[in-house]
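In: The sequence isn't on hand, but the structure is:
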């Protein structure tokens with residue numbers, strides 16, 4: 001049933017559209033022309049060869065293939081197969097625009113819908129191989145440092161709280177100077193995890209770059225797959241979220257980032273199952289006296 005207010009254009013849930021929209025800002029101009037054509041005329045695209053698509057967008061075959069690879073496909077043919085599947089799947093409509101006069105119940109529904117959509121979109125773009133690499137690195141790390149500033153600082157603290165319960169030697173930092181100093185002391189047995197929605201936070205990116213230069217494994221959680229932070233990260237975990245009225249895409253993306261942190265936590269715990277259960281029990285007992 002439609003919610004009150006003027007409906008915004010539907011957002012396509014299937015993965016090929018989500019990946020393309022999520023990567024768009026980081027594409028080159030020629031790649032964006034190809035992406036624009038795909039987003040505007042997907043039904044027409046599935047009948048075009050790579051040569052024909054290149055001609056229609058005034059680009060080259062290599063540009064088309066490179067775009068497909070940037071969003072996670074082996075090439076143009078695989079992308080077309082997935083796109084054809086996505087086109088026949090039902091499109092979910094998101095009534096995310098907050099309109100003047102919306103009552104609180106409507107606002108609640110729209111906010112929850114936007115957050116739910118962020119999770120649906122993120123599960124499409126989050127690479128299982130990258131996720132496994134992150135879990136393996138964290139599970140075997142001597143020390144884990146988590147960096148986040150601004151809105152990402154609470155996320156870094158949440159990751160620290162979870163990893164601490166597993167017995168990981170970890171710390172969360174949100175001060176630029178402390179990040180710089182601490183990251184310079186990391187080594188090959190350590191992991192640095194940076195959280196930045198835009199992927200353009202200078203303090204976080206510089207800290208990851210410094211940690212990487214000293215041999216540490218670097219992991220980032222970001223919304224922008226071609227942002228500066230990804231250039232200094234060994235492992236890239238990508239979220240996806242749509243911008244809505246009163247909320248930037250960062251607001252919904254925060255829910256997806258927290259869910260990625262939860263997945264890393266459970267993944268590490270499951271890898272060292274017995275030890276993790278013991279550590280969790282010990283931390284529970286340590287804080288039991290602090291509850292009424």
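Out: Yep, it's here. Just so it is clear, the model here is predicted, and its values are computed rather than measured.

In: which of the residues in stretch 270-286 are buried?
Out: Using 16 or more other Cβ atoms under 10 Å as the test for burial, stretch 270-286 gives 271, 272, 276, 279. C-beta: built from backbone N, CA, C; applies to glycine.

In: average pLDDT for that stretch?
Out: Averaged across stretch 270-286, pLDDT comes to 95.

In: Quick one: residues in contact with that stretch.
Out: 135, 136, 139, 164, 165, 166, 167, 268, 269 (Cβ atoms under 8 Å, 6 or more residues apart in numbering).

In: same thing but at 6 Å, please
Out: Stretch 270-286 is contacted by residues 139, 165, 166, 167, 269 when judged by Cβ atoms under 6 Å, 6 or more residues apart in numbering.

In: closest to residue 117 among the buried residues of stretch 270-286?
Out: Set against residue 117, the nearest of the buried residues of stretch 270-286 by Cβ to Cβ is residue 271 (30.4 Å).

In: now that closest one: how far from residue 278?
Out: According to Cβ to Cβ, to the nearest Å, residue 271 stands 14 Å off from residue 278.

In: List the contacts of stretch 138-158.
Out: 159-160, 163, 168-174, 179, 182, 189-196, 201, 203-204, 207, 257, 268, 271.

In: Just the buried residues out of these, in PyMOL syntax.
Out: With 16+ other Cβ under 10 Å as the criterion, this PyMOL line picks the buried residues out of the contacts of stretch 138-158:
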select buried, resi 159+160+163+168+170+171+172+173+174+179+182+190+191+192+193+194+195+196+201+203+204+207+257+268+271
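
In: So which of the contacts of stretch 138-158 sit within strands?
Out: The subset of those located in strands under the criterion DSSP state E comprises 170, 171, 172, 173, 190, 191, 192, 193, 194, 195.

In: biggest separation within these, which pair?
Out: Checking the ones in strands among the contacts of stretch 138-158 with Cβ to Cβ, the most distant pair is 190 and 195, at 16.9 Å.

In: all helices for this structure, in order.
Out: For the chain, applying DSSP state H gives helices covering 15-23, 29-40, 42-45, 50-56, 61-70, 76-88, 104-125, 128-139, 153-165, 176-183, 202-213, 228-231, 249-271, 273-287.

In: how about the longest one: buried residues?
Out: Read that as helix 249-271. So for helix 249-271, counting by 16+ other Cβ under 10 Å, buried means 249-261, 263-265, 267-269, 271.

In: One more: the fifth one?
Out: Of the residues in helix 61-70, those with enough neighbours to count as buried (16+ other Cβ under 10 Å) are 63, 64, 65, 66, 67, 68, 70.

In: before we move on, what about the fourth one?
Out: Neighbour-count burial for helix 50-56, with 16+ other Cβ under 10 Å as criterion, is recorded at 50, 53, 54.

In: Next, the contact list for the closest residue in space to the last one that isn't next to it in sequence, please.
Out: Excluding its sequence neighbours, the residue lying closest to residue 54 (Cβ to Cβ, 6 or more residues apart in numbering) is residue 61, at 4.9 Å. Shown in contact with residue 61 (Cβ under 6 Å, 6+ apart): 50, 51, 54.

In: Just give me the neighbour total for the residue nearest to the first one when sequence neighbours are not counted.
Out: It stands for residue 50. Spatial nearest neighbour of residue 50, chain neighbours left out: residue 76 (4.5 Å); criterion: Cβ to Cβ, 6+ apart. Residues lying near residue 76 (other Cβ atoms under 10 Å) number 21.
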